[in-house]
Structure formats: structure tokens, C-alpha cells
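Novice: Requesting a structural model of the entry that follows:
(2 chains)
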2 protein chains.
Amino acid sequence: MKYNPLTKEIIDELVEIVGRKNVISDKEKIETYSHDETSADQYAHMPEVVVRPKTTKEIAKIVKLANKELIPITPRGAGSGLSGGAIPVFGGIVISTEKMNRVLDIDYNNMMMVLQPGVVTNDINEEIAEHGLFFAGYPMSVETCYIGGNVAENAGGGKAVKYGVTGRYVMGLEVVIPTGEVLELGGKRVKDVTGYDLKQLIVGSEGTLGIVTKIIIKLLPLPAVKEDLLVLFTDVKSAINIVPEIMTGARIIPTSIEFMDKLSVKTSCEYLNEHLPYQQAGAMLLIEVDGNTEEQVEADAEIIGELCLDKGAIEVYVADNYTTQERVWSVRRNIAEAFKVVSPHQSLEDIVVPIAAIPDLMPELERISDKYNIQIPCYGHAGDGNLHATLVKNPESSMQEWYEIEKKALREIYQATKELGGTISGEHGIGLKRKPYMKIVTSPVELELMRKIKKAFDPNNIMNPGKIFDL
Amino acid sequence: MKYNPLTKEIIDELVEIVGRKNVISDKEKIETYSHDETSADQYAHMPEVVVRPKTTKEIAKIVKLANKELIPITPRGAGSGLSGGAIPVFGGIVISTEKMNRVLDIDYNNMMMVLQPGVVTNDINEEIAEHGLFFAGYPMSVETCYIGGNVAENAGGGKAVKYGVTGRYVMGLEVVIPTGEVLELGGKRVKDVTGYDLKQLIVGSEGTLGIVTKIIIKLLPLPAVKEDLLVLFTDVKSAINIVPEIMTGARIIPTSIEFMDKLSVKTSCEYLNEHLPYQQAGAMLLIEVDGNTEEQVEADAEIIGELCLDKGAIEVYVADNYTTQERVWSVRRNIAEAFKVVSPHQSLEDIVVPIAAIPDLMPELERISDKYNIQIPCYGHAGDGNLHATLVKNPESSMQEWYEIEKKALREIYQATKELGGTISGEHGIGLKRKPYMKIVTSPVELELMRKIKKAFDPNNIMNPGKIFDL
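Specialist: Now for the predicted structure:
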């Protein structure tokens, strides 16, 4: 597929649509739109122009124009993605949703909120907390990511064990599809079986089927009480072994069961200048429980704490107030950032396996770490079987060697994950970065169906081309 | 689209695939496969042959044959559907999953179960209750329906307020697509963003994209305690008004908030020879709360009970043991059956609106009831805004008049539902019955995308043709 370059005439038309100051083509200014949070060295690509529309109508006009002129479009939220989904690999137009950042409606009676895609995820909860409601999406980039990006990637995060991922809360969408037509899907209703569920098909489609311009999310009653347990173990294996036991043995589904190995905790603490007790422990679990009464939450926490001690935990620390909770969660949230400072050359993964298979995954990671002589710190959402194994470049390798090692080690990790009944991405998406590995976990029949769906929405392949699979 | 008739040669091939006793063409014996629980008078159509395969391989062979010979296939579960989804409108082959009724795996450590599609939904929970687990799907036909049908329709039911609908628990599917190829989607993992979510696209696609041959469902820890409140109100409006208040005011999400108007309770009680207290109340809510401790469940129930009394409930009855709970739930579950005995000519609907719009829907139903001089008893899942308004034929009308009235009244109900932000089906599906009304709630752009997806899966339109939309 050959795309056309942007001509002066097309730029003029873009200016007509969104206004001069919202069309950026200055090289220095658009550099930031050439990458996301995946390694810029490997994946960055410059757009020809960045536009910042404010309305659905403007987006529809831009998309119609691009579809007519065969110009590739790359939709972009906050750029916090971890699969290269927002990288304009074929140049063309980046449509940034940064100026579509309004909360359109807070509907307390229906417990719904209507949002533009550029609203920062964390701001949602700040708007509604005083009304006793909350949005259960909680990606680790919550302080910077946009809700539109969360929808595009079907973002998971720290509360998915109990509350599920973004898609569960998306009740309605307005989408500009690649032909420039506007699709309204769902609404303020919690059940809907009228035909195929195009809404959930758009969720997680990584901006390849259209640009989400309005999102209706479902809110939940904000639990009145929460409590966090920081549980220390001598080693990774004993920490991980406890995870399925909490749910099947104690019959409690915690809000979160986050796992951090020693290297992850240490690195994040140093980055934040934070001092958690027992940094010397081999591995930690951060377990949160929530509920409506102190009695219930304390009872759940106690049952879990005792189970952990029974099964070999060194120590259980309780964080039951905002300050201590924020301290431990901040360590967890900042692991990825911390590693970037220490070592910019790495591959942050989000492999997922059945929870009971986590203990079997760990020796595989060790084996691959030894084989390629690289560190693979590991942390993540153990309660979902979703682990951020992170391949870190050995300082002794050349960049050339590192790229080779990364490719081989990734393939082995993905293969091991698949053999344990898992898959290569639980929440970050395929995008550009994992596209070469899709065939490990997706059959030719399934890939062909995905391609046909893509063509049904996007006959000219102008919408975020080069992502997930090649056409 | 013209289909070919079944020849003797094709019947012989079917016999070769599934064995002689699993190919039924005797008119009397296949009559039962000509309809589901929608009105047989209006919608029934005879198949040419019914086959009862036992394995995925057999189904794949049958589908390949049908696709080659251009014979329509209609997949069928228990036949408990309420939209005509299992009716073979073009004749051809009905593939019944009645002999694929095995539980293939109960995986306690992963809290998952692997099922063939013909397993009766209620049997799932009977298998796992003693291990402290449960499957949260709970359609009112739970005692007869199959899990395969639940997946095909994305069945809702009585526990959706708190636990969501079937789709939330479907982690993996094996599907024979209309070309006869076998698709494996998902697995025993709770997060997965590798490409488009074909699994959720299959869920609720009403057997038009393929036949589900294996289902992996997620289980939850079985709540140790539950309590039901039967709350009596003088009239429908005050009952319905309380629904959003429970969730936004008391901040509790009950397991169920079921609504029954006077006529519904009375009819079901008479059918069951049951005597609920205060049958003379104008409307009732059946509210269930569950949890892990008696204290917590009692506290939630008390808060809800007091809120109801504050807002004008006549009386709140507590059912806190199995016998009384089964009594009240049996009344709720049997309403549809009861009405069939009283009046076989009716249209059972499952319209859905935003919960806060339920009070505005009721006068619309009254208006339409008056205009057409028909009774419209109403009951259903008030906590989801999903109501089983049921149009019942006036005994004084001729059948001809009734069909005319039904069409007009349905259109007005659907239109009113749409104007309140709702849609025409929350859990029963579109199937054959609601196909003429799809355009009320689905835009031409959306319908066209659905058609393209259908064609991507089923180029010859052999799989459950004539359902949801026409090609």
C-alpha cells in the first residue's frame, strides 16, 4: 500500500478545518509526536503534520480528507503507550486528542460519565470522589494517560483482579471510522444485545478501526474503606505461589495483588528516594482489599495476612491510611519510570498466563535470563497472571548485540508464555512492537478474520496502518 | 440468496459423519426443532433435517459440507430462546448441541471450567458449589437453558446488576466458523489484548458467525451468605423510583433488583399455587444482597430495607433461608411460563433503558396499553433497566387484529425506549423476531459494518441466515 505525501493544498485544508495554530509541522515541535513510551531508538517515526482538533466534526472532516487523499492517520492520546500504537510509522497525519479534554456530563442518577477522549484518567476520579463514586480503570500511568488511550488499548492495571479492565466500564462510544462517518454505539445502558457488539470490538482495537471521540463510562459506588498489605517473601517463587491460594483458598478477590521482585523494589525506591521496610526481601506482594465497612475490610485483610504467614511470608505490613498507602503504591507505579533512568535500553513486557501457571513461568524467565546474560526484573499484576517481565540490556553488549538478543529472548519468552496457556500481551497491546510475534499466539484463520474486519472498517488502510498485523 | 435442498446424497454424508441415529428427518420428531420459546404460531419453520453431533470434528465436517453445498445451518441449544434465534427459517440443517453436554475440566486453581455447549446452565453451579465456587450467569431459564445458548445470546438474567452478563465470564471459546474451520479464542487467562477481541464478537452474535463447541468460563468465590428482601409498594412508580436510589444513595450494588408488577406476581403465584404475603400490593421488588459474612450482608440488607420504607414501601419481608428464598425466586422465575398458560398469544419483550429513565418508561407503557386496549404486564431486571414488558392479546381481538396490534404496539414501545436512551433488547437478542425493528436503534453505518463482518465470517451466508439483519 502506497500512501500519498502531504501537499501544501492538503495542509491548507487541515488549517481550514482546525485553525492555523492547531496544525503543527515544525520539525522540533512534532518530534514529541514521533514516539510513545516504547524505546524511541528502535521505533520512533516522524509524522508529516500534527493536528489538534477540538470536535468530532473536525475529526470527521480530517479523516474524510485523508481517506480521499490516501494519507495515513495515527490517532494519539497522551503518548503513554507501551507498544508503539501511537507512532506514525508511515508519516502522514497525527491526530492528537489533547484539546478534546472535557468532561461532557456527570450523570449521578445513572452512575455514568460522558468524556472526551483527552481527559486524563486520574482526573475522572478526582471529579467524582466527593459524590461517592469512582471509575475502576487504574492503569499505572493513571496520572498522565488519557481515557481515549485506555479505551484504544483496553487498558488493564492495578485493580483488574476485582474490577476487570477498561472495556467492562465502556457503555457507549462515539467513533469516527476510517471513512469519516460517525458511529454511535451503546449508550447509558448496562445491557445491550442489539446485533454484533461493535463497541467492544472498538475497545482494544488500538486506533486501527477508528478514532474514539466520546466515551460513556459506568461508575461504581466508591468503597468507603481500603487497606493495603505489603507482604515480604524470601524469594519470588513463594510470593507467586500464594496468589492463586488467596482467591481459591481464602475465597477473597482482593482489589489488587501486585508483585514486585527485589530488583524492581530497590530500583523504584532509589528513584523515589523512598525507604520501604525490608528492602532486602527477595520479593513483595502489594495486596489491596476494599469494602464498605472497616470490620469487613479488616477481616478480609487479616485472613489474607494470616494465609501469607502460614505459607512462608517473612512479614506482613499493614497500610491503612492514605499516606502509607500512597507511599507503597507510588513505589509500584514508578517501577517502569525508575528503570528507564537506570537503563534506557530495555523491553517492558506484559505477558499473561493462567494464574496457577505463574510459578511455572518464573523458572522459564530465569532460564532465558541466564541464557542471554541479561537481567529480567519482574513485577506486575500477579492477581491477573499479568507480569511485566522487563528485558534490560547488559551494559557490556553493543547496541547491535542487544537488538539481536532482545529479539531472540522475546520470542522465547512469548513461546514459553504460550505453552503455559498464556499470551503475549495482557494490557499494553500489540501495536508496532509486538506485531512480528502475533503469529506465535494467533492462528492463520484468526489473523485472516482480523484482516477482513480491518478492511470492512478501513478499505484504504489509512487508519493507524502498520499496527497489530500487516494487511 | 437461494439455498439448495437437502438431497439423499447429503443426508447419507451426514449419516456418515454423525451416525444414523443422530440424523433425524422424521417429521413428527423434528417438529420440536421448528420453534423456540417465541410464539410458534408466528415464527415456527420446519428444518429439513436435525443432526446431533458429539464432537467438534463432526460439527466442522457438517459445516464444511453445508458450506460447499449451500445448505443453511441453524445451531440450536435447549430451544429456550426468546427471539427465534434457533428457528431454521430457511429449512436446511439444524445442528443440535444436545449430545455435547460434558463438563470437560474443572480447574480449581485457575477458577475456570471448560464446558461443551450443551451443558445445562444450572448444572454448572451444582458441580462446583461444594468447592466454594460459582458461575455468575443466571438467566431465568437456568434450569433448562444450555451454556452454549447463553454465550450465543450473551444472556443476562437475575444477577447482572452486580455480576454483569454471560460475556464477562467467557474467557475462551472454540468455534466452528461457517467455512468449517476451527477457531480457538482466548484461554484460561483473564486479560488478553492480542489483536481484535473476536471472542467477545462471537459472544452475543446469535449463532450467525459460527457454532461454539467449547467454552472456558471464569468462576467466582461463592458468597457465603445471601439475603433476599421482598419489598411491597402500592404502585409501580414508587417501586421503580427506588431502584437508582439504592445504588446511588445507599451506595450498595445488590446482587439482584427484580421488579414484578401486580399482574405478574398474581399470575405466577396462581400458576405455582404459591401464596406470597400481600399479593394485593401494586408492585414488588425482589432485592438480593450477598457477601462473605452475615454481619455485612445483614447490614446491607438493613440499609436497603430502611431506604425502601423511607421512600414509601408498604412492607419489607426478609427471606434469609434457602426455603423462603427459593419460594420468592421461583415466583419470579416462573412468570413467563405462567403467562403462557393463561394466554398463549403474547409478545415477551426485554427492552432496556438507563436505570434513571425507568420511571419515565412506565407511563409510556401505560399509554400504549390504553391506546391498543391490551394488557402489558411488566416485570424484570429493574437494577439493569431491563424490563420484560409483555404484550398480551386481548381475548376479544381476532388473531388477525392481534398481529396488527402487536406490530404497531411493539414499534411504539421500541421507539419510546430509544427516545429514553435505551434499546430494543437487553438479553434475549434480535433473532428473527426483532429483526424488522433493528433500524429503530441501529444506524445505516452500523448495520452496514455488521453486514460486512457477517460476510467476512460467512461468505455464503449459510450460518443461521435470516437472523439479526438481512444481507
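Novice: what helix or strand is the residue nearest to residue A:439 when sequence neighbours are not counted on?
Specialist: Among residues not flanking residue A:439 along the chain, residue A:447 sits closest, at 7.2 Å (Cβ to Cβ, 6 or more residues apart in numbering or on different chains). (Each C-beta comes from the backbone N, C-alpha and C, glycine too.) Using DSSP states H and E, residue A:447 sits within helix A:444-457.
Novice: same for that helix, what does it pack against?
Specialist: The contact analysis (3 or more Cβ pairs under 8 Å, 6 or more residues apart in numbering or on different chains; DSSP states H and E) places helix A:444-457 against strand B:182-186, helix B:198-202, helix B:444-457.
Novice: looking at those, which is closest to residue A:131?
Specialist: helix B:198-202 (30.7 Å; Cβ to Cβ).
Novice: next SSE after the biggest helix by length in chain A?
Specialist: Longest helix in chain A by number of residues (criterion: DSSP state H): helix A:399-419. Downstream of helix A:399-419, the next assigned helix or strand under DSSP H and E is helix A:438-441.
Novice: Can you give the distance from that following helix to the centre of its chain?
Specialist: Its chain's C-alpha centre and that of helix A:438-441 lie 20 Å apart, by Cα atoms, centre = their mean, to the nearest Å.
Novice: Same question for stretch A:310-324.
Specialist: For stretch A:310-324, the distance to the chain centre is 27 Å (Cα atoms, centre = their mean).
Novice: Give me the contacts around it.
Specialist: Stretch A:310-324 is contacted by residues A:227-234, A:238, A:241-242, A:245, A:277-278, A:281, A:301, A:305, A:308-309, A:325, A:327-328 when judged by Cβ atoms under 8 Å, 6 or more residues apart in numbering or on different chains.
Novice: can you check stretch A:281-288 too?
Specialist: Under Cβ under 8 Å, 6+ apart, the answer for stretch A:281-288 is A:158-159, A:226-236, A:238-240, A:242-243, A:246, A:254-262, A:265, A:276, A:304, A:308, A:314-315, A:328-329, A:332, A:382.
Novice: Let me know the secondary structure of residue A:276.
Specialist: The three-state assignment at residue A:276 reads coil, by DSSP: H, G, I helix; E, B strand; the rest coil.
Novice: Now for it, how many residues are close by?
Specialist: For residue A:276, the neighbour count with other Cβ atoms under 10 Å in any protein chain shown is 19.
Novice: what's the answer for the one 4 residues further on, then?
Specialist: Look at residue A:280: counted by other Cβ under 10 Å, it has 11 neighbours.
Novice: tell me the contacts of it?
Specialist: residue A:262.
Novice: I'd like the distance between it and residue A:260.
Specialist: For residue A:280, the distance to residue A:260 (Cβ to Cβ, to the nearest Å) stands at 13 Å.
Novice: before we move on, what about residue A:348?
Specialist: Per Cβ to Cβ, residue A:348 is found 14 Å from residue A:260.
Novice: neighbour count winner among these two?
Specialist: Between residue A:348 and residue A:260, counting by other Cβ under 10 Å, residue A:260 is the more crowded of the two (29 against 22).
Novice: Look up which residues are beta-bridged to that one.
Specialist: Taking DSSP bridges as the rule, residue A:260 bridges to residue A:284, residue A:379.
Novice: Angles on the backbone of the closest residue to residue A:366 other than its chain neighbours, please.
Specialist: Leaving aside its sequence neighbours, residue A:366 sits nearest to residue A:376 (Cβ to Cβ, 6+ apart; 7.9 Å). Per-residue torsions, residue A:376: phi -130, psi 80 (degrees, to the nearest 10).
Novice: about what we covered before: so is the longest helix of chain A next to chain B?
Specialist: No. In terms of Cβ under 8 Å from any Cβ of the partner chain, no part of helix A:399-419 sits within range of chain B; the closest distance is 9.4 Å.
Novice: and that helix, what other elements does it pack with?
Specialist: strand A:351-352, helix A:358-372, strand A:386-392, helix A:438-441.
Novice: Return the most buried member of these.
Specialist: Highest mean neighbour count among the helices and strands packed on helix A:399-419 (mean count of other Cβ atoms under 10 Å in any protein chain shown): strand A:351-352, with a mean of 30.
Novice: and that strand, how far out from the chain's middle?
Specialist: The answer for strand A:351-352 is 12 Å, by Cα atoms, centre = their mean.
Novice: And for stretch A:456-471?
Specialist: Counting by Cα atoms, centre = their mean, stretch A:456-471 comes out at 21 Å from the chain centroid.
Novice: re the thing from before, what angle sits between the helix holding residue A:447 and strand B:182-186?
Specialist: Taking axes from the mean of the first three to the mean of the last three Cα atoms, to 10 degrees, one finds helix A:444-457 and strand B:182-186 inclined to each other by 80 degrees.
Novice: Mind listing what's buried along helix A:444-457?
Specialist: For helix A:444-457, the neighbour count (16 or more other Cβ atoms under 10 Å in any protein chain shown) marks A:446-447, A:449-451, A:453-454, A:456-457 as buried.
Novice: As JSON lines, the helices and strands packed on helix A:444-457 with mean pLDDT and distance to residue A:202 would be great.
Specialist: Shown next, in JSON lines, are the helices and strands packed on helix A:444-457 (pLDDT from 0 to 100; distance: least, Cβ to Cβ, whole Å):
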{"stretch": "strand B:182-186", "mean pLDDT": "98", "distance to residue A:202": "18"}
{"stretch": "helix B:198-202", "mean pLDDT": "98", "distance to residue A:202": "11"}
{"stretch": "helix B:444-457", "mean pLDDT": "98", "distance to residue A:202": "10"}
